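In: Provided below for reference: sequence and predicted model.
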Amino acid sequence: MANLWIWLNFTAFLIVLEGKELFYIFINSMTKTKTLTSNDWLSITSFLVLVFAMIAPIGEGLLIAFAVVFLAVGISSAVHNAEVIAERVGPALGTLILAISVTVIEVALIVSLMSNDTADSPQIARDTVFAALMIVTNGIIGICILLGGLKHKELGFQLVGTTALLGVLAVLSTLTLILPLYTTSTNKGTYSAGQLIFVSFASLVLYGSLVWSQTKSHKNFFSASEGEVLPTDTTATKPSKKRAITSFISLLFSLVAVVGLSKILSPTIESTIAALGAPKAVVGIVIAILVLAPETLAAMNAAKINELQTSLNLALGSGAASIALTIPAVSLYSLLFDKPLTLGLDTKGIVFLMVTFLAGSFTFGSGRTTSLHGLIHLVIMASFLAISLMP
């Protein structure tokens, strides 16, 4: 309880850092007749929850509930502030800042649960990365294509850039989730120290090359395709230097709060899932949903205004970062602290992975797509969730 209160009070610093921005939200709404967006309302609600949690006399059960809300607020705040910084510094460095911020959150949650040394701890990283992969390739993409297709009938995207993203994801998932099943140096589903180092290095090189292609050498392959509607607002400016600095400070507070709360809440998360009788793989799904929630909203908003390429860049790019940055970080933790790490999928996971990339090759094989393609991916996602809950 004492440690939890410490982290809750630390998270209260976000009130000071985020409060100023909330003030501007209200001012802009009143003076410029700006309609509050869903993200604005989320920020305002989070702010009020933080204030109430700090001043209200609450018991242990409600305290933990608030801590879970704080964790979600911390994740949302971290991603939001990373996006502000990314707008300020440009796409090349900004993409890395956003990816690293999300990775810190994901790794913090994974490592916190792995440190509990339960029987299922070695599989948490695998379950989280695989869940993230399924969410981005089937959940996010399925929703975006379905929403965009229902509104605009047919959607266009950059064939070369999108297939490159899908190819990177296919190689990363094979190296990290399938190949460990067929090595002979260690137990099935695991890598030796040397193999972990090689796979981690290869993943980083591949992701770095992807970022370079997206932001430097082949930017046109990842921009809006012909027929896509581009934003017409040319008055948008970069965030000011002062706002970028404030966002950087808030980002640091958010990341530290997430790491601390993750460590405190990890036993509660596991015990709650066990009490509900849910399979242990659900832990990974919960982590992936928390981490990918902000990107999901951004991708959906882009799809609604016929910017499918932006949605694909967000979704597939998030999936690539989740594997290419998280696996090396977790591998380093495993090697330094001698923690067992199981990466190989079971048979059901391999089947879902194969059908996902098979469906993806059909969806992204022509440069045009419809709502039916989105529904196909959503059926795969629903099947994954159903089998995860009812193995």
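Out: Done, it's in.
In: ranges for the helices of the stretch 51-200 of the chain?
Out: Using DSSP state H, counting those that start in this stretch, the helices of the stretch 51-200 of the chain run over 60-89, 91-114, 124-134, 141-152, 159-173, 193-212.
In: Just say which of those helices is most tucked in.
Out: helix 124-134 (a mean of 26; mean count of other Cβ atoms under 10 Å). All C-beta spots, glycine's among them, are computed from the backbone N, C-alpha and C.
In: on that earlier part again, columns mean pLDDT and distance to Ser371 on top of the helices of the stretch 51-200 of the chain, output as a markdown table?
Out: As requested, these are exported to a markdown table (pLDDT from 0 to 100; distance: least, Cβ to Cβ, whole Å):
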| stretch | mean pLDDT | distance to Ser371 |
| --- | --- | --- |
| helix 60-89 | 67 | 28 |
| helix 91-114 | 75 | 29 |
| helix 124-134 | 92 | 20 |
| helix 141-152 | 87 | 3 |
| helix 159-173 | 91 | 17 |
| helix 193-212 | 94 | 28 |
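In: Which one, of those helices, ends up nearest to Leu316?
Out: With Cβ to Cβ as the measure, helix 159-173 is the member of these nearest Leu316 (3.9 Å).
In: Contacts for that closest one, please.
Out: The set of residues external to helix 159-173 that reach it, using Cβ atoms under 8 Å, 6 or more residues apart in numbering, is 133, 137, 203, 206-207, 210, 213-214, 218, 221-223, 309, 312-313, 316-317, 319-320, 323-324, 353, 357, 360-361, 364-367.
In: Quick check on the residues you listed: which are buried?
Out: By neighbour count, with 16 or more other Cβ atoms under 10 Å, the contacts of helix 159-173 hold 133, 137, 203, 206-207, 210, 213-214, 221-222, 309, 312-313, 316-317, 319-320, 323-324, 353, 357, 360, 364, 367 as buried.
In: what's the pLDDT at Ala315?
Out: Ala315 carries a pLDDT score of 84 in this model.
In: Would you confirm that it belongs to a helix?
Out: Yes. Applying DSSP: H, G, I helix; E, B strand; the rest coil, one finds Ala315 inside a helix.
In: one step back: how about the helices of the stretch 51-200 of the chain in TSV, adding distance to Thr184?
Out: Supplementary listing: the helices of the stretch 51-200 of the chain in TSV, determined by distance: least, Cβ to Cβ, whole Å:
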stretch	distance to Thr184
helix 60-89	39
helix 91-114	25
helix 124-134	19
helix 141-152	36
helix 159-173	21
helix 193-212	11
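In: Of the ones you listed, which is nearest Leu251?
Out: Shortest separation from Leu251 across these is recorded for helix 60-89, at 4.1 Å, computed as Cβ to Cβ.
In: centroid residue for the protein?
Out: Per Cα atoms, centre = their mean, the C-alpha nearest to the average position across the chain is that of Leu292, at 2.9 Å.
In: Only C-alpha atoms, please: export the strand or helix carrying that residue in CSV.
Out: Leu292 belongs to helix 281-304 when elements are defined using DSSP states H and E. What follows is the C-alpha trace of helix 281-304 in CSV, where atoms were taken according to Å, rounded to 0.1, in the frame of the first residue of the first chain:
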residue,chain,number,x,y,z
ALA,A,281,-2.0,-15.7,-22.6
VAL,A,282,-4.6,-13.1,-21.8
VAL,A,283,-1.9,-11.2,-19.9
GLY,A,284,-0.1,-10.5,-23.1
ILE,A,285,-3.3,-9.5,-24.9
VAL,A,286,-4.1,-7.0,-22.1
ILE,A,287,-0.6,-5.5,-22.3
ALA,A,288,-0.7,-5.2,-26.1
ILE,A,289,-4.2,-3.5,-26.0
LEU,A,290,-3.0,-1.0,-23.4
VAL,A,291,0.1,-0.1,-25.4
LEU,A,292,-1.5,0.0,-28.8
ALA,A,293,-4.7,1.9,-27.8
PRO,A,294,-3.5,5.4,-28.8
GLU,A,295,-2.2,4.2,-32.2
THR,A,296,-5.5,2.4,-32.8
LEU,A,297,-7.5,5.6,-32.4
ALA,A,298,-5.1,7.6,-34.6
ALA,A,299,-5.3,4.9,-37.3
MET,A,300,-9.1,4.8,-37.2
ASN,A,301,-9.4,8.5,-37.5
ALA,A,302,-7.1,8.5,-40.6
ALA,A,303,-9.2,5.8,-42.2
LYS,A,304,-12.4,7.7,-41.8
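In: Okay, buried residues for that helix please.
Out: Residues of helix 281-304 classed as buried by neighbour count (16+ other Cβ under 10 Å): 281-288, 290-303.
In: which residues of the chain score low on pLDDT?
Out: Applying pLDDT under 70 to the chain flags residues 1-74, 76-79, 90-96, 224-237, 257-266.
In: Name the single longest helix found in it.
Out: Taking DSSP state H as the assignment, the helix of the chain that covers the most residues is helix 241-275.
In: how many degrees apart are that one and helix 91-114 in direction?
Out: Counting by axes from the mean of the first three to the mean of the last three Cα atoms, to 10 degrees, helix 241-275 lies at 30 degrees to helix 91-114.
In: so who does Cys144 touch?
Out: By Cβ under 8 Å, 6+ apart, the contact set of Cys144 is 299-300, 302-303, 308, 311-312, 315, 374.
In: Could you export these as CSV, including distance to Pro340?
Out: Compiled in CSV, these are given as follows (distance: Cβ to Cβ, whole Å):
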residue, distance to Pro340
Ala299, 35
Met300, 38
Ala302, 40
Ala303, 40
Leu308, 41
Ser311, 37
Leu312, 36
Ala315, 31
Gly374, 39
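In: What is the nearest of those residues to Leu150?
Out: Sorting these by how near they are to Leu150, with Cβ to Cβ, puts Gly374 at the top with 8.5 Å.
In: Pretty sure the closest one sits against Lys151.
Out: No. Gly374 is not in contact with Lys151 according to Cβ atoms under 8 Å; the separation is 11.5 Å.
In: joint contacts of the two?
Out: With contacts defined as Cβ under 8 Å, 6+ apart, no residue is shared by Gly374 and Lys151.
In: measure Ala108 to Ile75 for me?
Out: Separation of Ala108 from Ile75 (Cβ to Cβ, to the nearest Å): 10 Å.
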